[in-house]
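1. Coordinates for the following, if possible.
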Amino acid sequence: HRLVLGIAVALVCVPPLLILAFRQHVVLEGFTGQDLSESRTMIAELLRGERLVPPPPPPPAVFTTAEVRRIKPEIVTADRKWDRLSPDLQQRVLAIYRVMREQYGIEMVLVEGYRSPERQAELLRGGRATNAGAWSSCHQYGLALDSAPMREGKLQWDMGDAWTRRAYFLYGELAVQAGLVWGGNWRSIKDYVHVEMGDECVRAKRARRQQEGQGR
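-> Have a look, this model is predicted:
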């Protein structure tokens, strides 16, 4: 019975112990062999340290090229003001940007932050960039933003390109490490540019519904 008991205990205990031992080692597609635990530590240190300041924006022409107008026309008129976003979201994303720039040599750019309910409704009607109506998106509460990697002075969107795909998947992994929801992990629609503060957004939407109910 001791042998049987020993085998049973091993079967129960060994898998969790292995998971605990190796869970810090994260391997992403395109980042084979790189241990991102160092990135997690760097993000944590940045969030505990001094207040991070948004980087200078790229030239306005970056958002109005012929390619952007063809592929992502909605960002031409998008709001890119950092001060209209939640301060907590700002700091988390700026920490991600710094890690990507300093540790991986990838420059990220804010392409859209706050989105008014009117703009949200317009995008939905036009079938562009969203399937959510007014006040249904975290953008309306300053709790979501969209970013894109920039290479050779141009924003990159093509997930069929190896460099671009690696950049977005790294962005997503770091977003999760920073406690954010990444749109690339969604099941219904993959929104690789998007990150949001999920729990805070749920509370903001609930508060708005309660206010609307009280006003009736």
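2. so which strand or helix has the residue lying closest to Ile96 once chain neighbours are set aside?
-> Excluding the flanking residues, the one nearest Ile96 by C-beta to C-beta, 6 or more residues apart in numbering is Leu174, at 4.6 Å. C-beta: built from backbone N, CA, C; applies to glycine. Here Leu174 sits within helix 162-177, counting by DSSP states H and E.
3. Go through that helix and flag the buried ones.
-> 164-175, 177 (16 or more other C-beta atoms under 10 Å).
4. Packing partners of that helix?
-> Applying 3 or more C-beta pairs under 8 Å, 6 or more residues apart in numbering; DSSP states H and E, one finds that helix 162-177 contacts helix 37-48, helix 87-104, strand 144-151, strand 181-182, strand 194-196.
5. Quick one: closest of those to Ile75.
-> Ile75 lies closest, by C-beta to C-beta, to one member of the helices and strands packed on helix 162-177: strand 144-151, at 7.7 Å.
6. Show me what that closest one pairs with in its sheet, parallel or antiparallel.
-> When pairs are called by DSSP bridges, strand 144-151 turns out to pair with strand 107-112 (antiparallel), strand 154-155 (antiparallel), strand 194-196 (antiparallel).
7. which one of those is the most hemmed in?
-> strand 194-196 (a mean of 25; mean count of other C-beta atoms under 10 Å).
8. Tell me how far that strand lies from the chain's centre.
-> 4 Å (C-alpha atoms, centre = their mean, to the nearest Å).
9. Tell me which residues touch the residue nearest the centre of the chain, please.
-> The residue lying closest to the centre of the chain (C-alpha atoms, centre = their mean) is Val195, at 2.9 Å. By C-beta atoms under 8 Å, 6 or more residues apart in numbering, the contact list for Val195 reads 93, 144-145, 147, 171-172, 175, 180-183.
10. burial measure for the nearest residue to Val193 once chain neighbours are set aside, as a count.
-> Nearest in space to Val193, with sequence neighbours left out and distances taken as C-beta to C-beta, 6+ apart, is Asp146 at 4.1 Å. Neighbour count of Asp146, defined by other C-beta atoms under 10 Å: 24.
11. Wait, Leu110 touches Leu145, no?
-> Yes - between Leu110 and Leu145 a contact is recorded at 6.1 Å, counting by C-beta atoms under 8 Å.
12. Now do the shared contacts for those two.
-> By C-beta under 8 Å, 6+ apart, the residues touching both Leu110 and Leu145 are Val93.
13. Low-confidence stretches in the protein?
-> 1-2, 4-35, 127-132, 215-216 (pLDDT under 70).
14. From Arg48, how far off is Leu124?
-> 39 Å (C-beta to C-beta, to the nearest Å).
15. okay, these two: which has more neighbours?
-> Leu124 (17 against 8).
16. what about the nearest residue to Lys72 once chain neighbours are set aside, distance to Val93?
-> For Lys72, ignoring the flanking residues on the chain, the nearest one in space by C-beta to C-beta, 6+ apart is Trp157 at 6.4 Å. From Trp157 over to Val93 the distance is 19 Å, taken as C-beta to C-beta.
17. more neighbours, those two?
-> Val93 (26 against 18).
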